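In: model the following, please.
(2 chains, ligands or ions: 2)
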Amino acid sequence: MADATGHLDGNCLAGPLSEILSVEPTTAWWRCPECARSGPLAGLHVYGPEPGLTARCPGCAYIALRLVREGEHIWLTVGGGTGAFRFRTA
Amino acid sequence: MARAAQLGRLTVAIAWRRARLVERRPQTATARSLVLTVPGWPGHLPGQHVDVRLTADDGYQAVRSYSLAAPADADRIELGVQTVPDGEVSPYLADDLPLGADVEVRGPLGNWFVWRTEQTEPVLLVAGGSGVVPLAAMVRAHRRAQSRSPFHLLYSVRTPDEIWYRDHLADGDPRLDVRIVYTRQAPPGSTRAPGRIAPADLEEPTARLEPTSPVYVCGPTGFVEAVGNLLTDMGRDPATIRTERFG
Ligand SMILES: Cc1cc2nc3c(=O)[nH]c(=O)nc-3n(C[C@H](O)[C@H](O)[C@H](O)COP(=O)(O)OP(=O)(O)OC[C@H]3O[C@@H](n4cnc5c(N)ncnc54)[C@H](O)[C@@H]3O)c2cc1C
Ligand SMILES: [Zn+2]
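Out: Numbering: from 1, shown residues only, chains lettered A, B, ... in the order given. Ligands and ions are numbered 1, 2, ... in the order given. From the prediction side, this is the model:
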C-alpha cells in the first residue's frame, strides 16, 4: 500500500470497501464540496499505508473519506470531519 | 429465505477464497507469471485485480493487490508479480511459495480500470514495467473477442531483457500496435535514444484516438503521474484518462 509520500488510485479501495459495501464502489460518482470537481471514486488519490487509508480530491486534496481497520472493525469517515461509522466485519 | 439469499450474495462479494498455485513461469529475471486455481471463481473483466492474503504460522497476515493478467478462464487466474527488493510479499510470491500451496484471494475487484469488449473506440494503453499486467489482460481479451477497436500499447521498460509477455505482444495482430520505449538501454539498431516517455512518444498514438477514447495508464506511481501530466499537457481530457498506480 501507499507510503507517506506517494499515493495510489481509488481502485485500491475496491477490496477494503467490499467488506462493508455490497455495491462495487470504484465507479461511484463523487463531487468535491471544496472545488466542485467531480469524478469516480477510482480517481481519488489514496494515501496509506494500511491500516489507515485516506482518499483525497485529486484537484484540491480535500479529504473525501478515510478508512481505518482495527481488528474486526472498519472505521469509515466521510469527508474531513471527525464523526465516523464503525462497521463490524467479522 | 430472501434474507438468506441476500446474505449469501453479500458473503460472496467479500469472501476470501482458497487459491492454489499450479504453475509458475519466469517473465524476466525478477518477474513471474503465477497461475492459480480458485474453486468457485466467478470470472472477471480485463483490468480487474485481486487482493492476495498470506497468513503466517503465528497468524500474522499480509494483504497486497495484484492485477489479473489474463481474461477469464473458468477457475484459473493468472497474476504477474514483480519482485520488489526488500518487499515483504512480492519476493515470497515470486519465488518461494511452493507449487501446490494455497493462499487466499478476494475479487474480482474494481469496475473502473477495465476494458469491455463492447467498447468500440480506439484505445491507448500505456504501461510502465509491471504495469503491463492488467493491460496484457486487455490485449488478450481484445484478441479473443476479435474486437475491431484499434489498440495501441506504449510500453516502457529499462532494457530489452525486461519485456514481459513477448509472445502475446508480438504476434502480428493488425489491430494491435505495440511500441516499446527503452529508458536505459535500447536494442541495437533502435532509432530512439534511451530515455523516459516524452511528448514525442505520445504524439503519434494519441493522434489516432478519438476525443472520447479511453487511455489506460498503469505502473509505478511516479510513472503514472508523469504520463498523466504529459497527456493533459497535450490537451487530453483528464476524464478520458484512467490510471492504476502500483505504489
Ligand atoms: C490495484 C493494484 C494492483 C497491483 N497490481 C500489481 C501487479 O499486477 N503486479 C505487481 O508486481 N504488483 C502489483 N501491485 C503492487 C503490489 O500490490 C505490491 O505493492 C508490491 O508487490 C510490493 O509489495 P511487497 O510486499 O513486496 O513490498 P512492501 O513490503 O509493501 O514494500 C514496498 C516498497 O516499500 C519499501 N518499504 C517496505 N517497508 C518499508 C518501510 N518500513 N519504510 C520505508 N520503505 C519501506 C520497500 O523497500 C519497497 O520498495 C499492485 C498494486 C495495486 C494497488
Ligand atoms: Zn477538490
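In: pull out the buried residues from the longest strand along chain B.
Out: Using DSSP state E to define each element, chain B has its longest strand at strand B:17-26. Neighbour-count burial for strand B:17-26, counted by 16 or more other CB atoms under 10 Å in any protein chain shown, picks out B:17, B:19, B:21, B:24. For glycine as for every other residue, the C-beta is placed from the backbone atoms N, C-alpha and C.
In: again with stretch B:86-95
Out: B:89-90, B:93-94.
In: that one near ligand 1 at all?
Out: Yes - Stretch B:86-95 reaches ligand 1 (CB under 6 Å from any ligand atom) through B:86-90.
In: same question, stretch A:24-39
Out: No - among the residues of stretch A:24-39, none lie within reach of ligand 1 under CB under 6 Å from any ligand atom; the closest is 9.8 Å away.
In: can you list contacts of that stretch?
Out: A:10-11, A:13-14, A:17-18, A:40-42, A:44, A:57-60, A:62, A:64, A:79, B:110-113, B:239 (CB atoms under 8 Å, 6 or more residues apart in numbering or on different chains).
In: dump it to PDB, restricted to CA.
Out: Only the C-alpha atoms of stretch A:24-39 are listed here, as PDB (Å, rounded to 0.1, in the frame of the first residue of the first chain):
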ATOM      1  CA  GLU A  24     -18.900  -2.100  -6.400                       C
ATOM      2  CA  PRO A  25     -17.500   1.200  -5.100                       C
ATOM      3  CA  THR A  26     -14.800   2.300  -7.500                       C
ATOM      4  CA  THR A  27     -17.300   3.500 -10.200                       C
ATOM      5  CA  ALA A  28     -19.300   5.600  -7.700                       C
ATOM      6  CA  TRP A  29     -19.500   9.300  -8.600                       C
ATOM      7  CA  TRP A  30     -18.300  11.800  -6.200                       C
ATOM      8  CA  ARG A  31     -18.300  15.600  -6.200                       C
ATOM      9  CA  CYS A  32     -15.800  17.600  -4.100                       C
ATOM     10  CA  PRO A  33     -17.600  20.100  -1.800                       C
ATOM     11  CA  GLU A  34     -14.400  22.300  -1.800                       C
ATOM     12  CA  CYS A  35     -13.500  22.700  -5.500                       C
ATOM     13  CA  ALA A  36     -16.700  21.200  -7.200                       C
ATOM     14  CA  ARG A  37     -14.600  18.800  -9.200                       C
ATOM     15  CA  SER A  38     -16.300  15.500  -9.900                       C
ATOM     16  CA  GLY A  39     -15.400  12.000 -11.000                       C
END
